[in-house]
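Participant: curious how this folds, go ahead:
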Amino acid sequence: MKIFAETERLILRELLPEDAAGMFEMDGDPEVHLFLGNKPVQSIEQSKADIEFIRKQYIENGIGRWAVIEKSTGNFVGWAGLKLITELTNNHNNYYDLGYRFSKRFWGKGYATEAAIAVRDYGFNELKLNEIIGIANISNLGSIHVLKKIGLKQIATFDYHGIQHYWMKIEKQA
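Facilitator: Coordinates of the predicted model:
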């Protein structure tokens, strides 16, 4: 098992097949999917398939979303990480998207910011990226707040699958 980053309270490691129950708890919750197209997963088999899809990205792209584990309990909190986006989005492709998603019972603890900082720093320091992108539904104030807090700036508003989203970006400091 590869650990990519650690924070004061969290371990960010590769997603593993045994994370399926935690993924299902998170992605089966309609509130978690409120700003993600309102399509919560219906079975643990879908969560298992999602983990395999992400693990394939590790091999093909050298990066993908990571499991976020609470150090004090060993609980699966959710996922955070970078994803190489190759399809055209807002007239861009081949960019690294910073994302995170957590089970509702872990909301409000500052974990999203803590994990996002670790992901941002990994992108700049380990992957040597020049910029990192964040995309957020304009109604998802919590996610927008986290992205701004870690330094991303709103660059544009665009239509993403029929819903207005912010295109946000942070560039590596010289």
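Participant: for the longest helix along the chain, buried residues please.
Facilitator: For the chain, the helix with the greatest residue count under DSSP state H is helix 44-61. Buried positions in helix 44-61, judged by neighbour count with 16 or more other Cβ atoms under 10 Å: 46-48, 50-51, 54, 57-58. (Each C-beta comes from the backbone N, C-alpha and C, glycine too.)
Participant: make a markdown table from the residues you listed and add distance to residue 26 and pLDDT to it.
Facilitator: Below are those laid out as a markdown table (distance: Cβ to Cβ, whole Å; pLDDT from 0 to 100):
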| residue | distance to residue 26 | pLDDT |
| --- | --- | --- |
| 46 | 12 | 96 |
| 47 | 8 | 97 |
| 48 | 14 | 97 |
| 50 | 10 | 96 |
| 51 | 12 | 97 |
| 54 | 13 | 96 |
| 57 | 18 | 95 |
| 58 | 19 | 96 |
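Participant: now tabulate the residues you listed in a markdown table and tack on distance to residue 17.
Facilitator: Converted to a markdown table, the buried residues of helix 44-61 look like this (distance: Cβ to Cβ, whole Å):
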| residue | distance to residue 17 |
| --- | --- |
| 46 | 14 |
| 47 | 10 |
| 48 | 7 |
| 50 | 11 |
| 51 | 6 |
| 54 | 11 |
| 57 | 15 |
| 58 | 13 |
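Participant: quick one: which of those residues is nearest residue 106?
Facilitator: residue 47 (16.8 Å; Cβ to Cβ).
Participant: can you give me the mean pLDDT across the helix or strand hosting residue 133?
Facilitator: If you go by DSSP states H and E, residue 133 is part of strand 131-137. What strand 131-137 shows for mean pLDDT is 97.
Participant: show me the contact partners of the helix or strand just after it.
Facilitator: Under the assignment DSSP H and E, the closest C-terminal helix or strand after strand 131-137 is helix 141-149. Contact partners of helix 141-149, identified using Cβ atoms under 8 Å, 6 or more residues apart in numbering, comprise 35, 98, 100, 107, 112-113, 116, 134, 136-138, 154, 166, 168.
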